[in-house]
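Novice: Sequence first, predicted coordinates after that:
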Amino acid sequence: SGLLKILTGSRVVHEKDYERFVRQVNFDYTKDLDRMAGASDGNQLFVLLQGRFDWERLRRYPGDHGGSCANHVCSVPTTTPGRWASFHLIQPNVLALAFSTDTVAVNNLVPPAYPRAVQLPPEPVWVQLSESLLKNPGDLPLPARIFAVSLQGANPVVISAGPAAEGTGAAFRLQLDAACTNLSAADTIRNQLEIQTRMLGLELRREGKPANPSDLTGLLTAGSFQIVNKHVIGSWPVRYELLRSLQ
């Protein structure tokens, strides 16, 4: 209980709620606890406990005290009106515990479940674009900024550099691999990229400045796109003129 006072103080959670919880789930922190980390924002308390837990007993506890368990998250009201204890067994030896007015506040401690592992590209040079960059692409050149906005619904988004196809006259090619949650999302992103590519070319011609193979306009207007297994695959040939202009 002394450790709880250090983390929370009496303003956040009544110590009797915590003591009742650990007593009735047969958890003795003097024997069963190896490590503990906690944080409080003044209204909520979040705790990660590493040790030995009886998960079956933990799951029975909410039902016996006016709470419930769903999708591996359990919630139970505390003796303080409007406040709840919620917990989740992240690993067999790691328990996440939260005290809050939110009945499932412990979800803030649960690592997100990603539907897929990131497949690293075979090319020697690649970069994964961060979600923050795609959502706030203000630092990118204007043409690239337009394309970044179209990719905001994909994750992960990887751009790699590899050999150019024979007969294209390019030095190498840039390839986009944007993973989508379903075919509909992939189709939407592909259509947006194709439209942006055409619009960029039309705008350049309208201004009397056709795409220049020596700069970014020539690169972006040469893009092509397809869908492969819910992934949007884009390809841009990088021409020697562009490389020479960068020297």
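Specialist: Nice, I can see it.
Novice: helices and strands around the helix or strand Ser132 falls within, which ones?
Specialist: Following DSSP states H and E, one finds Ser132 within helix 131-135. Helix 131-135 is packed against helix 142-150, with contacts defined by 3 or more CB pairs under 8 Å, 6 or more residues apart in numbering; DSSP states H and E. C-beta here means a position set from N, CA and C on the backbone, and glycine is covered the same way.
Novice: For the following helix or strand past the helix it packs on, which strands pair with it and how are they oriented?
Specialist: Per DSSP H and E, the first helix or strand lying C-terminal to helix 142-150 is strand 157-162. Strands that pair with strand 157-162, judged by DSSP bridges, come out as strand 125-129 (antiparallel), strand 170-179 (antiparallel).
Novice: Lowest average confidence across those, which one?
Specialist: Among the strands paired with strand 157-162, strand 125-129 has the lowest mean pLDDT, at a mean of 86.
Novice: tell me the angle that strand makes with helix 142-150.
Specialist: In terms of direction (axes from the mean of the first three to the mean of the last three CA atoms, to 10 degrees), strand 125-129 departs from helix 142-150 by 60 degrees.
Novice: does Pro237 sit in a helix or strand, and which one?
Specialist: Element membership for Pro237, per DSSP H and E: strand 231-239.
Novice: what comes up buried for whatever helix or strand comes next after that strand?
Specialist: Next along the chain after strand 231-239, taking DSSP H and E as the criterion, comes helix 240-245. Under the neighbour-count criterion of 16 or more other CB atoms under 10 Å, helix 240-245 has Leu242 buried.
Novice: which other residues reach helix 240-245?
Specialist: 169-171, 213-215, 218-219 (CB atoms under 8 Å, 6 or more residues apart in numbering).
Novice: now, the most widely separated pair of those residues?
Specialist: The span of the contacts of helix 240-245, defined through CB to CB, is set by Gly169 and Asp215 at 17.0 Å.
Novice: Pull the distance from the helix holding Ser132 to the chain's centre.
Specialist: Distance of helix 131-135 from its chain centroid, counting by CA atoms, centre = their mean, to the nearest Å, is 11 Å.
Novice: What are the contacting residues of it?
Specialist: 140, 148-149, 151-152, 155, 157.
Novice: what bits of the chain have low per-residue confidence?
Specialist: Scanning the chain for pLDDT under 70 picks out 1-19, 29, 111-120, 143.
Novice: ok, which stretches of it are strands?
Specialist: In the chain, the strands defined using DSSP state E lie at 33-40, 45-51, 68-70, 73-77, 84-91, 94-100, 125-129, 157-162, 170-179, 224-228, 231-239.
Novice: If you count surrounding residues, which of Gly169 and Asp215 has more?
Specialist: Taking other CB atoms under 10 Å, Gly169 and Asp215 do not tie; Asp215 has more neighbours (15 against 12).
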